[in-house]
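Visitor: Coordinates only, no sequence provided:
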């Protein structure tokens, strides 16, 4: 290859590399700006979600992300259920009466042998939200009804 051809080839590659570097620099700046905007938007979204939860909590409305079937997924643990019953100061039979199930069901739930069905989970969630006085008042009402 002649010296002129080699010089021409080197100049073309140098010019092409410079052009590519300039393009990459512009793209890197643009990418950095977009990442910064994404981070800002994520922070704003998080702040708005917290504010929404506080407003919903203050209004007495349960705010939850819609899940499949429009129901919020409920967590259940046997030990948590047993501690709830103890915290409310009621026995298994009273818990069963409040939830509308048998004593044996409550026993098996606490042992972790069986998991409650969806309708029963809803009743357990309602019981979680109920205070000790309200539970004892409800038990008195149930006793009068019988």
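Guide: Yes, it's here. Being a predicted model, the structure only gives us computed values, none of them experimental. Residues are numbered from 1 along each chain as shown.

Visitor: how about residue 114, secondary structure?
Guide: State at residue 114, reduced to three classes by DSSP: H, G, I helix; E, B strand; the rest coil: coil.

Visitor: nope, residue 12 is what I meant
Guide: In three-state terms, and counting by three-state DSSP, residue 12 is helix.

Visitor: Tally up the residues packed near residue 137, please.
Guide: For residue 137, the count of nearby residues is 12 (other Cβ atoms under 10 Å). For the C-beta atoms, the positions are set from N, CA and C on the backbone; glycine is no exception.

Visitor: I'd like the distance between it and residue 98.
Guide: Residue 137 is 11 Å from residue 98, where distance means Cβ to Cβ, to the nearest Å.

Visitor: Over to residue 85?
Guide: Relative to residue 98, residue 85 is positioned 10 Å away (Cβ to Cβ).

Visitor: Kindly report the same for residue 91.
Guide: Distance of residue 91 to residue 98, given as Cβ to Cβ: 11 Å.

Visitor: These two - which one has more neighbours?
Guide: Using other Cβ under 10 Å as the criterion, residue 91 and residue 98 rank with residue 98 on top: 21 against 13.

Visitor: Touching, the more buried one and residue 134? I think so.
Guide: No: counting by Cβ atoms under 8 Å, residue 98 stays clear of residue 134, with 10.3 Å between them.

Visitor: Kindly report the domain assignment for the protein.
Guide: Here the domain parsing of the chain from automatic domain parsing is 1-62, 73-145.

Visitor: For stretch 88-101, buried residues please.
Guide: Residues of stretch 88-101 classed as buried: 88, 90, 92, 94, 95, 96, 97, 98, 99, 101 (neighbour count, 16 or more other Cβ atoms under 10 Å).

Visitor: mind checking pLDDT for the first one?
Guide: Per-residue pLDDT puts residue 88 at 92.
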